[in-house]
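got a predicted model here, sequence first, then my questions.
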Amino acid sequence: MKILLVNIKELVQVEEEPKLWVAGKDMAKVHTIKDAFLLLRDEMIVDFGSMEELNGRDLDNYDVLMEIDCTGRMVFPSFCDSHTHLVYPASREQEFVDKIKGLSYEEIARRGGGILNSANRLHEMSEEELCVSALERISEIIYKGTGAVEIKSGYGLNPEDEIKMLRVIRRLKESTPLAIKSTFLGAHSIPMEYRDNPSVYVDQIINEMLPRIADEELADYIDVFCDTGFFSVADTERILEAGTKYGLRAKIHANELGLTGGVQVGVKNKALSVDHLEYLGDDEINVLKHSQTMPTILPGAAFFLDLPLSPARRLIDSGLPVALATDFNPGSSPSGDMKFMQSLGCIRYKMLPEEVINATTINSAYAMGISDGYGSIARGKAANVFITRDIPSYQYFPYAYNSELIETVILRGEIQ
Ligand SMILES: N=CN[C@@H](CCC(=O)O)C(=O)O
Ligand SMILES: [Zn+2]
């Protein structure tokens, strides 16, 4: 299948020489081509340039099956959402109401609500039921412009239910056009029965869950919620080291609730990303500067839980890269809308439109280990793009924070 998009008002996030991420001052730059064409063949981007250049190309090589006139409309690479929990049993709006009445996320968790509430409900559900509800969320995010998504387990919290979740994610990989990466998050919360002795649960993760998950090749990455009231740095280190032995690179939840050492233990264990980062000091920033770890901010969780804001400007002004992801989950971020994350990035974190474009495409692709094939318009990368409505500029995209601006979604070279 070949699709030729012509008369594109502006082709956004073009890379002649692909990079793995963009950092510091470079985050404020986005390369675009005005009045452009884009050629997709099968599942790949094969060519692009200005309309003038298209007229000079040998059109016989362009035996196009479908031509789309994009007059007035822009084309972006699909979003890469590098942090979600979108396989979950049910929404948790009762906790939303409890929070309005004054309870904190940590208080709800201490009472056995929160993640444990989801774990109890997930235990009652079949793989099939979980798959059906996850597919509805997947369909929603596809039309909101997401082309790649990372999905975590972590509402199982015992060997059978963690494996059930990871099998659901495998089914999603096989049955949707999205690029999906799967992360084992057995260390999402300490089950009630282990609260007095968390290391027994950590032993179970290491000795019972990991070998089975590795044997069935159910996970690409490993995660730990390393934070106040959840897993300690020492337990995190044990779990990450065990994961590394099975070839699972770390992507961890860190510094959402305090300065807990999560960033340091993540970097020490060569994490692909450290995510949340509401609490960051000089030490964390210095450690990140000497790493290959992507600092990832989750603006939806901070918005929904009214958390302090991660210092995005400080990170970028220190020369670091930043990625943004949704954290789509029923407790702290019930939204998978990457365009809204861009708007929050601009409005609340003072990131420029160019910076949020980089943070939601190439940098978030890096944070899920796929920036060699996704996250920009480059020859040989996946044909995952969306066509906007008629909009005045690319800055308008995060500016119009509640408008539906995506008209057509193309994933793996096929219109969705
Ligand atoms: N912070 C830890 N885990 C999730 C929340 C999951 C939940 O509350 O169900 C997060 O990333 O925000
Ligand atoms: Zn999360």
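All right, it came through fine. Ligands and ions are numbered 1, 2, ... in the order given.

if we ignore the residues flanking it in sequence, what's nearest Arg39?
No Arg there; residue 39 is Leu. Asp47 (4.2 Å; CB to CB, 6 or more residues apart in numbering). (Glycine included, C-beta is placed from N, CA and C.)

list the contacts for that neighbour?
Asp47 sits next to Phe37, Leu38, Leu39, Arg57, Arg379 when contact means CB atoms under 8 Å, 6 or more residues apart in numbering.

need the contact list for the fourth one.
Read that as Arg57. Arg57 touches Asp47, Gly49, counting by CB under 8 Å, 6+ apart.

from Glu17, how far off is it?
To Glu17, Arg57 is 21 Å away according to CB to CB, to the nearest Å.

how about Val200: what's its closest non-neighbour residue?
Per CB to CB, 6+ apart, closest to Val200 is Tyr194, 5.5 Å.

whoops, Ser189 was the one
In space, Ser189 is closest to Ile115, 4.0 Å off (CB to CB, 6+ apart).

next: His85.
Asn329 (3.7 Å).

and the one you found, what's its pLDDT?
pLDDT, Asn329: 98.

that one reaches Leu86, doesn't it?
Yes - using CB atoms under 8 Å, Asn329 is in contact with Leu86, at 7.4 Å.

can you list the residues of the chain near ligand 1?
Along the chain, the residues adjacent to ligand 1 under the rule CB under 6 Å from any ligand atom are 85, 114-115, 118, 225, 253, 256, 301, 327, 329-332.

any chance of those residues in TSV, with neighbour count too?
Output for the residues of the chain next to ligand 1, formatted as TSV (neighbours: other CB atoms under 10 Å):
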residue	neighbour count
His85	26
Gly114	21
Ile115	26
Ser118	25
Phe225	24
His253	30
Glu256	27
Ala301	25
Asp327	31
Asn329	27
Pro330	22
Gly331	25
Ser332	24
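
out of these, which sit inside strands?
Phe225, His253 (DSSP state E).

from the residues of the chain next to ligand 1, which is closest to ligand 1?
Closest approach to ligand 1 among the residues of the chain next to ligand 1 (CB to the nearest ligand atom): Gly331, at 2.2 Å.

can you pull out the helices in the stretch 51-200 of the chain?
51-56, 93-100, 105-110, 115-123, 127-143, 159-175, 198-204 (DSSP state H, counting those that start in this stretch).

I misspoke; the intended subject was the stretch 251-400 of the chain.
262-268, 282-289, 299-305, 312-317, 338-349, 353-360, 362-367, 396-399.

and the third one, what's buried?
It stands for helix 299-305. Within helix 299-305, the residues scored as buried using 16 or more other CB atoms under 10 Å are Pro299, Gly300, Ala301, Ala302, Phe303, Phe304, Leu305.

over to the shortest one?
Residues Phe397, Pro398, Tyr399 are the ones in helix 396-399 that count as buried (16+ other CB under 10 Å).

any idea which helix or strand of this structure has the worst average confidence?
Using mean pLDDT, DSSP states H and E, the weakest-scoring helix or strand in the chain turns out to be helix 105-110, at a mean of 82.

put the alpha carbons of that helix into PDB.
Extracted as PDB, the C-alpha positions of helix 105-110 are listed here (Å, rounded to 0.1, in the frame of the first residue of the first chain):
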ATOM      1  CA  TYR A 105      -3.700   9.900  47.500                       C
ATOM      2  CA  GLU A 106      -1.400   8.500  50.200                       C
ATOM      3  CA  GLU A 107      -4.200   8.300  52.800                       C
ATOM      4  CA  ILE A 108      -6.400   6.500  50.400                       C
ATOM      5  CA  ALA A 109      -3.600   4.000  49.600                       C
ATOM      6  CA  ARG A 110      -2.900   3.500  53.300                       C
END
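
what residues of that helix count as buried?
Result for helix 105-110 [16+ other CB under 10 Å]: buried residues Tyr105, Ile108, Ala109.

for the last one, give me its contacts.
So that's Ala109. With CB under 8 Å, 6+ apart, Ala109 has these contacts: Ile115, Leu116, Ser189, Gly229.

which of the buried residues of helix 396-399 lies closest to ligand 1?
Taking those together and measuring to ligand 1 by CB to the nearest ligand atom, the closest member is Pro398, at 22.2 Å.

leaving out chain neighbours, which residue sits closest to the closest one?
Gln342 (4.1 Å).

quick one, what contacts that neighbour?
Leu324, Pro353, Val356, Ile357, Ala359, Thr360, Phe397, Pro398.

same deal with Tyr396?
Tyr396 touches Leu405, counting by CB under 8 Å, 6+ apart.

try Thr296
Thr296 neighbours (CB under 8 Å, 6+ apart): 82-83, 273-277, 322-325, 364, 367.

and Ala90, how many neighbours?
13 (other CB atoms under 10 Å).

not counting sequence-adjacent ones, nearest residue to it?
Here the residue nearest Ala90, using CB to CB, 6+ apart, is Arg121, at 5.3 Å.

let me have the contacts of Gln342 in JSON lines, adding pLDDT as columns.
Output for the contacts of Gln342, formatted as JSON lines (pLDDT from 0 to 100):
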{"residue": "Leu324", "pLDDT": "98"}
{"residue": "Pro353", "pLDDT": "98"}
{"residue": "Val356", "pLDDT": "98"}
{"residue": "Ile357", "pLDDT": "98"}
{"residue": "Ala359", "pLDDT": "98"}
{"residue": "Thr360", "pLDDT": "98"}
{"residue": "Phe397", "pLDDT": "96"}
{"residue": "Pro398", "pLDDT": "97"}
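
closest to ligand 1 among those residues?
Leu324 (13.6 Å).

nearest the geometric middle of this protein, what residue?
Centroid-nearest residue in the chain, with CA atoms, centre = their mean: Ser82, separated by 1.8 Å.

surely that residue meets Ala367?
Yes - counting by CB under 8 Å, Ser82 does reach Ala367; the two are 3.8 Å apart.
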